[in-house]
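**Student:** what shape does this take:
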Amino acid sequence: MALPLSVLDFATVREGHTVGEAFAESVALAQVAEGLGYERVWYTEHHNMGSIASAAPAVLIAHVATQTEKIRLGSGGVMLPNHSPLTIAEQFGTLAELHPGRIDLGLGRAPGTDQVAVRAMRRDPRAAEEFPQDVKELQGYLRDESKLPGLRAVPGAGTNVPLYILGSSLFGARLAAAYGLPYAFASHFAPDALEQAAAVYRSEFEPSEQLEQPYMMAAVNVVANDDPNVAVAENEWYRRTRVKMMAGRGRTLTDEELDLVMHSAAGQQILHMIKYTAVGNGEQVASYVKDFAERAQADELIIAPVGSSAEMTQNSLKVLRDAWGR
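**Tutor:** Predicted structure coming up:
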């Protein structure tokens, strides 16, 4: 059987569009993914980024859930050091009570932002060091096994919302393995430790109440079109947009200036981050994704669909799905 495919959505605010339009596109993308048989859609937590509107995953999940029927929805992920475990238990417990059997809770330990936003969120720079303990505290609330006498998460207690550890290093792999949780690797933007992390996760995995066997998920960018030439053009748009966003930092760059940046050491490093990108028609992207899954030792793939418009992004999902099989 073909591996399950899922979707990662950044709620992208396209140039000249509004945040409201980005949310409408997210709803449409989830509906398309549901119709095509994708397993789940996850939303990222980013702050202080003008092109990404998914700063509040729980709120966005609630909105999308009311306009879909059965597809699983979750965070990919909540940056737990930005929040108290009790708050997240209550938020996702609420979602689980409203939409039983459809909610996932992916957890990361990075801030998902810059230092200005970190200070604005009153985040302690050392909070990431408490991530392992925070995961356990959160898990206790959701199991109705609070570590703090006299405190229950309501909603949340007894919902057993499934947890997933997100990461791009061996730290996350080892934590997921030690806790017996699924591990999702952010290879769509951090490719370097993928194979080593997968090997460590599988070799060190300890069964848990949630999971008996290791479950490895890995993310890959997909730029797909029935016409491979269109896919190549879309990928070039993606590469240039990525470099402009990360290196330009909001500055307006001419095409000539952007060309220079793309060929610089900094530009090449940014492009290396999206090393794992499947480009082409259905047969080509399916072949690439299959090889990627073997490299990642993946049990499930998280697809980050790429497109210069909402229609192109949806089309990437459709072309891959048709070639991959239902």
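**Student:** what are the buried residues along the lowest-mean-pLDDT helix or strand in the chain?
**Tutor:** Using mean pLDDT, DSSP states H and E, helix 115-120 stands out as the lowest-scoring helix or strand of the chain, at a mean of 74. Applying a neighbour-count criterion of 16 or more other C-beta atoms under 10 Å, the buried positions in helix 115-120 are 117-118. No exception for glycine: its C-beta is placed from N, CA and C like everyone else's.
**Student:** downstream of that helix, the next helix or strand is which one?
**Tutor:** Next helix or strand after helix 115-120 toward the C-terminus (DSSP states H and E): helix 131-143.
**Student:** can you tell me the SS state at the residue most central in space within the chain?
**Tutor:** Within the chain, the residue whose C-alpha comes closest to the C-alpha centroid is G76; the distance, by C-alpha atoms, centre = their mean, is 3.7 Å. G76 carries the three-state label strand when classified by DSSP: H, G, I helix; E, B strand; the rest coil.
**Student:** excluding residues flanking it in the chain, which one is nearest it?
**Tutor:** Closest residue in space to G76, ignoring its immediate chain neighbours: W42 at 2.9 Å, by C-beta to C-beta, 6 or more residues apart in numbering.
**Student:** any stretches of the stretch 151-300 of the chain with poor pLDDT?
**Tutor:** Where the stretch 151-300 of the chain drops to pLDDT under 70, the residues are 250.
**Student:** other SSEs contacting the host helix or strand of T313?
**Tutor:** Assigned by DSSP H and E, T313 belongs to helix 310-324. Judged by 3 or more C-beta pairs under 8 Å, 6 or more residues apart in numbering; DSSP states H and E, helix 310-324 is in contact with strand 5-9, helix 19-36, strand 216-224, helix 282-296, strand 300-305.
**Student:** do that again at 10 Å, thanks
**Tutor:** Using 3 or more C-beta pairs under 10 Å, 6 or more residues apart in numbering; DSSP states H and E, the elements in contact with helix 310-324 are strand 5-9, helix 19-36, strand 216-224, helix 228-248, strand 277-280, helix 282-296, strand 300-305.
**Student:** and the second one, C-alpha only, in PDB?
**Tutor:** The reference is to helix 19-36. Output for helix 19-36, consisting of C-alpha atoms alone and laid out as PDB, is shown next (Å, rounded to 0.1, in the frame of the first residue of the first chain):
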ATOM      1  CA  VAL A  19      -4.900  37.800   5.800                       C
ATOM      2  CA  GLY A  20      -8.600  37.100   5.400                       C
ATOM      3  CA  GLU A  21      -8.000  35.900   1.900                       C
ATOM      4  CA  ALA A  22      -5.200  33.700   3.200                       C
ATOM      5  CA  PHE A  23      -7.600  32.000   5.600                       C
ATOM      6  CA  ALA A  24     -10.100  31.500   2.800                       C
ATOM      7  CA  GLU A  25      -7.400  29.800   0.800                       C
ATOM      8  CA  SER A  26      -6.600  27.600   3.800                       C
ATOM      9  CA  VAL A  27     -10.200  26.500   4.000                       C
ATOM     10  CA  ALA A  28     -10.200  25.700   0.300                       C
ATOM     11  CA  LEU A  29      -6.900  23.800   0.500                       C
ATOM     12  CA  ALA A  30      -8.200  21.600   3.400                       C
ATOM     13  CA  GLN A  31     -11.400  20.900   1.400                       C
ATOM     14  CA  VAL A  32      -9.400  19.900  -1.600                       C
ATOM     15  CA  ALA A  33      -7.100  17.700   0.500                       C
ATOM     16  CA  GLU A  34     -10.100  16.100   2.100                       C
ATOM     17  CA  GLY A  35     -11.700  15.300  -1.200                       C
ATOM     18  CA  LEU A  36      -8.400  13.800  -2.500                       C
END
